[in-house]
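>>> okay, structure incoming, though there's no sequence with it:
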């Protein structure tokens with residue numbers, strides 16, 4: 001990191017920013033144009049040449065011949081995620097097996113100015129792991145060890161190849177679990193990189209609240225521990241919060257090679273329920289009233305009528321085709337009974353009906369099958385389509401009007417789309433089935449997605465509650481954070497990655513467009 005720091009100091013010195021107080025802050029923002037020019041030039045340099053044979057030989061020397069591939073089919077598998085964004089191929093894919101090998105690969109890339117794309121399970125929705133011509137994709141799935149497990153302290157450290165399902169399978173016999181549940185089974189370090197959350201966030205929070213420490217390889221190959229080597233305390237006031245700087249950084253500031261996570265005891269009782277409603281308004285009103293009553297819901301999910309119909313067809317279920325809430329309660333036997341009774345009363349006041357209850361694990365899993373298959377059920381409505389997902393989150397009091405306006409927009413836009421959401425914390429998605437090879441279809445869908453996001457911003461919400469910015473929301477990030485805030489992000493990027501080698505082109509534009 002010495003060179004990166006010197007680079008920033010040299011840049012600041014040439015721009016006359018070596019001052020104090022308010023004047024220094026003003027100068028930083030005043031020279032943002034120079035910063036943009038520097039970053040755009042870095043990008044231009046990267047896009048010129050393919051990776052040399054010498055660099056490929058150097059990679060092979062680090063990870064072995066079998067862990068380096070230039071095969072087109074392998075590069076295609078690593079060129080996209082679950083989103084509609086086009087498949088973009090890197091020049092080569094490598095599979096390191098340790099943090100030290102990641103560091104050596106990064107050092108080669110730093111010396112040769114080769115862009116790097118970190119890759120986990122490829123389950124993202126915003127193109128964050130898309131490849132790049134002239135780049136190397138670093139597939140971290142062979143680093144799949146669960147290490148430093150401390151059941152008595154409720155924490156565990158995992159490598160980037162460990163998925164959520166694999167960790168919970170490992171923990172089950174200890175009476176512990178990791179509850180953050182995006183619905184699929186992504187890698188836990190990938191979840192950290194995007195600050196993922198999911199159906200249990202209303203009770204257990206997001207990755208940002210559950211990551212205690214991370215090992216990160218920086219752009220020059222330096223290895224750091226964001227909270228200090230081996231530290232795993234529940235709280236700390238020591239210096240800047242580097243851990244949360246890297247949570248949600250989407251691979252643009254460093255490559256996460258270990259993450260230390262909070263664990264939870266498996267609740268004594270888990271009970272799930274499904275409840276149908278006549279209208280979107282009555283279902284969402286139930287959500288806001290339940291939350292206002294302080295019920296400690298574990299999950300409270302909304303699926304609209306189109307989503308329920310798609311899930312019935314895809315998962316061969318027979319739920320009522322109306323706006324529906326999926327609910328889950330965790331706690332002691334008496335505590336859950338009280339929660340269930342109260343929520344049942346609130347739902348009844350809003351004309352909720354067709355209650356279905358499940359307590360046995362197999363019955364609960366069957367009930368939640370519809371929710372967890374929602375993405376693929378939507379795509380099945382339009383065979384051959386790719387998915388585009390909105391990801392807004394709003395203050396819970398604004399949720400009813402947001403969902404109703406969004407539902408109307410889908411109908412008026414003549415789009416194939418479903419609404420599903422973690423509505424207990426104000427977060428909901430529209431899943432659109434888009435024909436990615438039809439420019440007009442993509443244009444119509446992306447314009448809709450931006451309208452939804454801007455409606456959320458207008459009521460003091462966010463354009464992304466859990467999927468991240470990636471390729472698709474860079475303009476919206478400027479509208480949400482403001483130009484000055486994004487310029488600060490760019491300064492951080494320039495300090496940690498002066499040659500813009502880590503996942504370039506993601507999160508923000510190198511030159512800020514007019515909005």
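Happy to help now that I have it. Not measured: the values here are computed from a predicted model.

>>> list the contacts of the longest helix seen in the chain.
The single longest helix within the chain, with elements called by DSSP state H, is helix 439-458. With CB atoms under 8 Å, 6 or more residues apart in numbering as the test, helix 439-458 has contacts from 84, 388, 390, 392-394, 402, 405-406, 409-410, 413, 415, 417, 430, 432, 434-436, 462-463, 472-473, 475-476, 479-480. Heads up, the C-betas are built off the backbone N, CA and C, glycines and all.

>>> where does the chain dip in pLDDT?
Within the chain, the segments meeting pLDDT under 70 span 1-48, 510-515.

>>> now residue 67: closest residue in space that isn't a chain neighbour?
Of all residues not flanking residue 67 in the chain, residue 95 sits nearest, at 4.1 Å (CB to CB, 6 or more residues apart in numbering).

>>> any idea which helix or strand comes after the helix or strand harbouring residue 260?
Following DSSP states H and E, one finds residue 260 within strand 255-262. Downstream of strand 255-262, the first helix or strand assigned by DSSP H and E is strand 264-265.

>>> how about the longest helix of the chain: buried residues?
Buried residues in helix 439-458, counted by 16 or more other CB atoms under 10 Å: 441-442, 444-445, 448-450, 452-453, 455-457.

>>> as a markdown table, the residues you listed with distance to residue 335 would be great.
Converted to a markdown table, these look like this (distance: CB to CB, whole Å):
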| residue | distance to residue 335 |
| --- | --- |
| 441 | 49 |
| 442 | 48 |
| 444 | 48 |
| 445 | 44 |
| 448 | 42 |
| 449 | 40 |
| 450 | 43 |
| 452 | 37 |
| 453 | 38 |
| 455 | 37 |
| 456 | 34 |
| 457 | 38 |
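
>>> in contact with the residue nearest to residue 122 when sequence neighbours are not counted, which residues?
Nearest residue to residue 122, sequence neighbours excluded (CB to CB, 6+ apart): residue 81, at 4.9 Å. If a contact means CB under 8 Å, 6+ apart, then residue 81 has 122-130 as its contacts.

>>> returning to that earlier point: just the contacts of helix 439-458: which are in helices?
Assignment to helices by DSSP H places the following of those there: 402, 405-406, 409-410, 413, 475-476, 479-480.

>>> could I get those residues as TSV with neighbour count?
Listed next are these as TSV, based on neighbours: other CB atoms under 10 Å:
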residue	neighbour count
402	24
405	12
406	24
409	16
410	19
413	14
475	18
476	21
479	16
480	19
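
>>> closest to residue 247 among these?
For the ones in helices among the contacts of helix 439-458, the closest approach to residue 247 (CB to CB) belongs to residue 480, at 17.9 Å.

>>> got the contact list for the closest one?
Contact partners of residue 480, counting by CB under 8 Å, 6+ apart, are 457, 462-463.

>>> make a markdown table from these and add distance to residue 238 to it.
Converted to a markdown table, the contacts of residue 480 look like this (distance: CB to CB, whole Å):
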| residue | distance to residue 238 |
| --- | --- |
| 457 | 35 |
| 462 | 29 |
| 463 | 32 |
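
>>> between these, which is nearest residue 135?
Using CB to CB, those come closest to residue 135 at residue 463, 26.5 Å.

>>> was I right about that closest one contacting residue 477?
Yes: counting by CB atoms under 8 Å, residue 477 is a contact partner of residue 463 at 7.1 Å.

>>> these two: which is more packed in?
The neighbour count for residue 463 versus residue 477, taken as other CB atoms under 10 Å, is higher for residue 463 (25 against 20).

>>> can you give me the strands in the stretch 1-150 of the chain?
68-69, 92-94, 116-119, 136-139, 146-150 (DSSP state E, counting those that start in this stretch).

>>> what's downstream of the last one, the next helix or strand?
Later in the chain than strand 146-150, the nearest helix or strand by DSSP H and E is strand 155-158.

>>> output the contacting helices and strands for that next one.
Contact partners of strand 155-158 among helices and strands, from 3 or more CB pairs under 8 Å, 6 or more residues apart in numbering; DSSP states H and E: strand 146-150, helix 164-171, strand 255-262.

>>> how big is the angle separating the second one from strand 255-262?
Helix 164-171 runs at 40 degrees relative to strand 255-262, counting by axes from the mean of the first three to the mean of the last three CA atoms, to 10 degrees.

>>> also the shortest one?
Relative orientation of strand 146-150 with respect to strand 255-262: 30 degrees, computed using the same axes, to 10 degrees.

>>> and strand 146-150, what does it pack against?
strand 155-158, helix 164-171.

>>> quick revisit: and the ones in helices among the contacts of helix 439-458, which is closest to residue 267?
residue 402 (30.9 Å).
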